[in-house]
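S.K.: Sequence first, predicted model second:
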Amino acid sequence: MLNYLNKINKNFKIISKPRLFRAKAINSGLLEWSNEDNQFYKIKNKNENSSNSLLFLDGKKKTLVNNTIQFLNGKPANSVLLWGARGTGKSSLVLSIYDLLIKKFSFSMIEIKFFQIECIPKILRLIDRDRKKIIIFCDDFSFECNDDKFILFKNTLEGSLRSNTNIIYYVTSNYRHLVRNNFHDNLNDTHNKDTNENLISLSDRFGIWLGFHSFSQEEYIKIVLFYAKQLKLKLKTEIIKKKAVEWSVLRGSYSGREALNFVKFLLLNE
């Protein structure tokens, strides 16, 4: 009887053990990781903006396109940190570059959310032997300075970039160094200086920093009018401008995201 129970217990452990999916090759395209069954799933890019519809980002767009092409052609390239104000096009730019280049190159972009950060080492083990070019897209990441996840991500990033030239990271954050306002102004204090250097050490892993700043009211209005034309809004231009300013005051932002939200709102009430 005891042997029988031990056999059942052994079989139960085998069945209940999470399955680690190891494909012979990771599929090309935009992928997301499932924590539940340890697999990659191909997803549709739901980004509403093409690279041509992201206004006032031409320099950043050119840098990111050129870096990505260099990487996909097997030449040395940098991981990129896109940081700055919310709604200014960081994630949209990364996804628009994917749309632009997936038709010309075979590569994968794996999108990882912040809550999945502890899965990154497992994901790296799965893709370690894959020869395909892979961009790991970490969207909206930020840390506290003494967060265990900060240390995990820093060490994982450094180790994987050193050992695998087929991987680069594109990371977006609302914070310049990915850390939430924990910097000290008094750099004469040795402890504060060491703390600041430790915080900056994560962003130093990225060869390219792209800063995204809030748009001016004039730029915001131009973005609104661009979307209004694109979505065939029938209101007169002066009315759109007046209402757009009112919307920006209500929402507290001149961002491209709010410009698009505003035009969609007007479409509902035409």
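M.R.: All right, it came through fine. Residues are numbered from 1 along each chain as shown.

S.K.: Is Ile240 in a helix, a strand, or coil?
M.R.: helix (DSSP: H, G, I helix; E, B strand; the rest coil).

S.K.: On the pLDDT front, check it for me.
M.R.: With respect to pLDDT, Ile240 scores 96.

S.K.: Leaving out chain neighbours, which residue sits closest to it?
M.R.: Distances taken as CB to CB, 6 or more residues apart in numbering put Ala228 closest to Ile240, at 5.5 Å, once the chain neighbours are dropped. For glycine as for every other residue, the C-beta is placed from the backbone atoms N, C-alpha and C.

S.K.: For the helix or strand where the one you found lies, buried residues please.
M.R.: In this assignment (DSSP states H and E), Ala228 forms part of helix 217-230. Buried residues in helix 217-230, counting neighbours by 16 or more other CB atoms under 10 Å, are found at Tyr220, Ile221, Ile223, Val224, Leu225, Phe226, Tyr227, Ala228.

S.K.: and that helix, what other elements does it pack with?
M.R.: Here helix 217-230 touches helix 237-251, helix 256-268, going by 3 or more CB pairs under 8 Å, 6 or more residues apart in numbering; DSSP states H and E.

S.K.: deepest of those, which one?
M.R.: helix 256-268 (a mean of 18; mean count of other CB atoms under 10 Å).

S.K.: Going by residue numbers, what spans are strands in this structure?
M.R.: Along the chain, counting by DSSP state E, strands occupy 29-34, 39-42, 80-84, 107-113, 133-139, 167-173, 208-212.

S.K.: I'd like to know which of those lies nearest to Lys61.
M.R.: Among the strands of the chain, strand 208-212 comes nearest to Lys61, with 9.6 Å by CB to CB.

S.K.: can you give me the offset of the closest one from its chain's centre?
M.R.: With CA atoms, centre = their mean, to the nearest Å as the basis, strand 208-212 stands 13 Å off its chain's centre.
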